[in-house]
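Novice: Structure here, sequence nowhere to be found:
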């Protein structure tokens with residue numbers, strides 16, 4: 001059981017990404033970035049793989065850095081993902097995520113632009129692990 005649901009917010013995008021564990025929740029959070037940036041995200045083809053690494057000093061800074069690096073991949077390289085994989089997630093002495101984004105370069109002839117994301121924020125951010133799964137909540141400034 002994994003996915004994302006959008007929560008009510010007055011002016012920005014508030015999302016809850018969830019999965020069986022924190023790794024899956026981070027993957028779903030990453031996919032959310034690309035679903036928002038490209039209206040027809042199902043049109044994105046798995047042509048290329050990009051490695052993404054992020055780090056932080058606690059759970060919140062790790063989630064923020066993960067989302068920001070995925071957004072920067074789009075902003076700088078114009079790369080849009082159809083799949084996001086978390087290969088390694090470590091917390092404790094060091095907070096780190098190593099992952100991959102599978103996708104292709106944004107092509108305005110094939111992809112319809114979605115909503116422009118300025119940045120992730122710390123506002124209302126949550127990182128929660130339970131016995132029956134995990135979820136992350138975050139706000140994206142649009």
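Specialist: That came through, no problem. All of these numbers come straight from a predicted model, not from anything done at the bench.

Novice: May I have the residues that are in contact with the residue nearest to residue 141 when sequence neighbours are not counted?
Specialist: Nearest non-adjacent residue to residue 141, counting by Cβ to Cβ, 6 or more residues apart in numbering: residue 118, 4.4 Å away. Any C-beta I mention is one placed from the backbone N, CA and C, and that applies to glycine too. Applying Cβ atoms under 8 Å, 6 or more residues apart in numbering to residue 118 gives the contacts 140, 141, 142.

Novice: What's the PyMOL syntax to select whichever of these are buried?
Specialist: The PyMOL command for the buried members of the contacts of residue 118 (criterion: 16 or more other Cβ atoms under 10 Å) is given here:
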select buried, resi 140
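
Novice: residue ranges for the helices of this structure, please.
Specialist: Here the chain has its helices, by DSSP state H, at 22-37, 59-77.

Novice: Kindly reformat these as a markdown table and extend each row with mean pLDDT and distance to residue 13.
Specialist: Converted to a markdown table, these look like this (pLDDT from 0 to 100; distance: least, Cβ to Cβ, whole Å):
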| stretch | mean pLDDT | distance to residue 13 |
| --- | --- | --- |
| helix 22-37 | 97 | 6 |
| helix 59-77 | 98 | 11 |
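
Novice: Just the ones in strands from the contacts of residue 118, please.
Specialist: When the contacts of residue 118 are checked against strands (DSSP state E), the matches are 140, 141.

Novice: mind showing which ranges of this protein have poor pLDDT?
Specialist: Nowhere does the chain drop to pLDDT under 70.

Novice: all strands for it, in order.
Specialist: Using DSSP E, strands in the chain cover 3-7, 13-19, 48-56, 79-90, 95-105, 119-130, 133-141.
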